[in-house]
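Chemist: output the structure for:
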Amino acid sequence: MRRLLYLILMILTFAFQSNAQKKWTLEECINYALENNIQVKQSQLLSESDKVTALQSKLGTLPTVNGSVSHNYNWGRNIDPTSNTYTDEQTQSNSFALTSSIDIFNGFQKLNTIRQSESNYKASRYELEKMKNDIALRIAQAYMQILFNKEQLEISLNQVNISQLQIERTKKLVEAGTLARGSLLDIQAQGALEEANLVAAQNQLDLSYLDLVQLLDLKSVNDFDITKPDIKVENEVTLIPTNQIYAYSSTVMPEIKSAEFRLESSYRGLAIARSYRYPSLSLSGYYGSNYADNFLDYTNPKSISVFNNMPTNYTLPSTGEAIVQKVTSYEFEKMSFKDQLDKNLSKSLRFSLNIPIFNGYQVNAGVKKAKLNALNAEYNLQLTKNQLLKNIEQAYADAQGAFKSYKASQKAVASYQEAFNYTQQKFDVGMINSIDYNDAKNKLVKAESDLLKAKFNFVFKKIVLDFYQGNPLTLSK
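Modeler: Residues are numbered from 1 along each chain as shown. All right, here's what the predicted structure looks like:
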């Protein structure tokens with residue numbers, strides 16, 4: 001008895017704490033997960049990366065422009081970069097250049113690359129939406145599991161209370177001599193079994209809370225609870241045919257759109273592979289100059305020196321007299337940095353035509369692989385459509401079956417409830433034994449549990465069908 005009171009007190013305390021704290025709706029759980037889930041954030045990063053790739057492919061059609069600056073030290077025998085002659089002096093030099101190039105024609109390779117990268121980016125965006133949908137469905141399922149376990153716990157607690165009352169009545173009947181003591185022992189054993197079921201129901205509820213908290217990536221389950229909406233099942237339910245649901249969902253579901261854009265991307269990949277068969281024409285230009293610290297300005301002599309009677313290595317054949325000559329020596333100023341940049345300025349413009357003739361079967365192999373990739377993308381699109389139709393048909397069949405089970409379980413619960421009430425009355429006056437009483441009670445409990453399962457199974461499958469019709473996941477209807 002003390003153990004039972006302690007167990008009930010613990011459950012009531014848990015329920016009181018749950019009422020005192022903030023309770024999450026299904027919509028709040030889904031929105032929180034989509035904003036904080038690590039997998040969603042990683043998928044967003046991949047999509048942003050594809051966005052950057054798409055932008056880069058567009059800007060790749062613009063000309064490239066690059067600048068370069070260098071500073072060189074030379075000593076020993078080397079080439080003077082300004083005079084292009086050998087020198088033994090230590091020199092320092094600089095070079096400055098701007099280069100630019102642009103592809104005039106490359107078999108529409110860049111155009112197809114732009115379209116392919118755009119298709120990849122759109123596909124990644126829809127893959128992100130698909131991940132969000134999957135997480136939302138998982139959260140909805142976990143949320144419904146908590147609601148189911150809560151009601152299951154209430155059933156178990158109600159059965160424990162009924163058993164406790166029956167134990168008290170049976171004690172009085174045994175003391176009065178109306179029933180044998182064996183009936184009391186059977187009822188007490190049944191009560192102990194239901195207490196164990198109550199503990200198991202509480203554990204299942206705790207685990208379902210843990211599952212949802214882990215899906216939300218919350219730090220603790222202690223301060224978490226959900227709202228308990230009033231879920232009712234109508235007496236008559238009309239489900240939209242699967243072909244109508246599929247006709248709509250196949251045009252809007254992100255997994256279909258993603259597969260379509262992946263197929264489009266594969267077609268662009270095939271066009272890119274074929275572009276390598278065409279000649280390519282490019283234009284490039286160069287604009288640069290250089291400077292050297294030993295470069296002389298030969299147009300501006302610093303001084304002129306004239307030397308007469310300078311001996312040579314030659315003599316007159318007749319007399320043997322040495323031949324002398326007049327030598328003029330010039331000393332030049334070093335050309336300034338600015339003047340060197342002007343005088344050493346170099347410009348070039350070049351057209352380049354590349355004609356593919358034979359390159360080791362690389363182009364043909366690339367085209368064949370691109371065709372296989374496109375064919376695989378077509379198969380993947382069809383598989384995705386088939387899977388969507390299968391999911392819709394499965395949810396429809398499950399919803400129909402669950403609704404039929406729900407209606408049948410309603411009748412069963414009503415029948416077993418009436419049978420149990422009648423059995424309890426006969427047991428109270430000693431007309432039947434405890435075995436028959438426990439059997440009637442167990443049948444009622446099982447019928448109530450089956451009704452509960454059918455109810456939540458139908459509600460969840462109905463939510464899934466509504467989701468495939470473009471409706472948000474909600475229990476507020």
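
Chemist: could you look up the SS state of residue 233?
Modeler: coil (DSSP: H, G, I helix; E, B strand; the rest coil).

Chemist: please verify my assumption that it contacts residue 405.
Modeler: No: contact status for residue 233 versus residue 405: not in contact, 11.2 Å apart, counting by Cβ atoms under 8 Å. C-beta here means a position set from N, CA and C on the backbone, and glycine is covered the same way.

Chemist: which neighbours do these two share?
Modeler: With contacts taken as Cβ atoms under 8 Å, 6 or more residues apart in numbering, residue 233 and residue 405 have residue 458 as neighbours in common.

Chemist: contacts for stretch 256-273, please.
Modeler: Taking Cβ under 8 Å, 6+ apart as the rule, stretch 256-273 contacts 108-109, 112-113, 115-116, 119-120, 122-124, 126-127, 130, 249-250, 363, 366-367, 369-371, 373-374, 376-378, 380-381, 384-385, 388.

Chemist: can you give me the end-to-end span of stretch 287-299?
Modeler: End-to-end distance for stretch 287-299: 25 Å, by Cα to Cα, to the nearest Å.

Chemist: and it, what's its mean pLDDT?
Modeler: Averaged across stretch 287-299, pLDDT comes to 82.

Chemist: ok, stretch 240-253 next?
Modeler: When pLDDT is averaged over stretch 240-253, the result is 94.

Chemist: where exactly do the strands run in this structure?
Modeler: If DSSP state E is used as the criterion, the strands of the chain fall at 64-74, 78-79, 86-87, 91-105, 280-292, 296-315, 322-334, 346-354.

Chemist: from residue 290, how far off is residue 77?
Modeler: To residue 290, residue 77 is 20 Å away according to Cβ to Cβ, to the nearest Å.

Chemist: re the thing from before, reformat the strands of the chain as TSV; add mean neighbour count and distance to residue 165.
Modeler: Shown next, in TSV, are the strands of the chain (neighbours: other Cβ atoms under 10 Å; distance: least, Cβ to Cβ, whole Å):
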stretch	mean neighbour count	distance to residue 165
strand 64-74	11	88
strand 78-79	13	110
strand 86-87	12	116
strand 91-105	15	89
strand 280-292	17	92
strand 296-315	10	119
strand 322-334	11	116
strand 346-354	10	95
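
Chemist: for residue 465, find the nearest of those.
Modeler: Smallest distance to residue 465 across these (Cβ to Cβ): 52.5 Å, for strand 91-105.

Chemist: hmm, back to that, for the strands of the chain, which one sits closest to residue 213?
Modeler: Closest of the strands of the chain to residue 213 is strand 64-74, at 53.2 Å (criterion: Cβ to Cβ).

Chemist: partners of the closest one, with directions?
Modeler: Each strand paired with strand 64-74, and its direction, by DSSP bridges: strand 91-105 (antiparallel).

Chemist: pLDDT weak spots in this protein?
Modeler: Counting by pLDDT under 70, the ranges of the chain that qualify are 1-21, 80-84, 179, 477.

Chemist: would you confirm that residue 202 contacts residue 152?
Modeler: No: if you go by Cβ under 8 Å, residue 202 and residue 152 don't touch, sitting 9.8 Å apart.

Chemist: wait, what's in contact with the nearest residue to residue 57 once chain neighbours are set aside?
Modeler: If the residues on either side of it in the chain are set aside, residue 57 comes closest to residue 117, at 4.3 Å by Cβ to Cβ, 6 or more residues apart in numbering. Contacts for residue 117 (Cβ under 8 Å, 6+ apart) come out as 50, 53-54, 56-57.

Chemist: just the buried ones out of these, please.
Modeler: Among the contacts of residue 117, those scoring as buried are 50, 53-54, 57 (criterion: 16 or more other Cβ atoms under 10 Å).

Chemist: what number of residues lie near the closest residue to residue 148 other than its chain neighbours?
Modeler: Spatially, and ignoring its direct neighbours in sequence, residue 148 is nearest to residue 456 (4.4 Å; Cβ to Cβ, 6+ apart). Applying other Cβ atoms under 10 Å, we find 21 residues neighbouring residue 456.

Chemist: likewise for the one 10 residues further on?
Modeler: Other residues within reach of residue 466, judged by other Cβ under 10 Å, total 17.

Chemist: gap between it and residue 240?
Modeler: Distance, residue 466 to residue 240, by Cβ to Cβ: 9 Å.

Chemist: just the ones of the contacts of residue 117 in helices?
Modeler: The members of these that map onto helices under DSSP state H are 50, 53-54, 56-57.

Chemist: give me the nearest residue to residue 399, chain neighbours excluded.
Modeler: Nearest residue to residue 399 in three dimensions, chain neighbours excluded: residue 461, at 3.8 Å (Cβ to Cβ, 6+ apart).

Chemist: swap that for residue 348, please
Modeler: Spatial nearest neighbour of residue 348, excluding adjacent residues (Cβ to Cβ, 6+ apart): residue 286 at 4.2 Å.

Chemist: now for the one you found: which residues touch it?
Modeler: Residue 286 neighbours (Cβ under 8 Å, 6+ apart): 97-99, 346-350.

Chemist: now do residue 169
Modeler: residue 428.

Chemist: please convert the ones in helices among the contacts of residue 117 to a markdown table, extending it with distance to residue 282.
Modeler: Below are those laid out as a markdown table (distance: Cβ to Cβ, whole Å):
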| residue | distance to residue 282 |
| --- | --- |
| 50 | 28 |
| 53 | 23 |
| 54 | 23 |
| 56 | 19 |
| 57 | 18 |
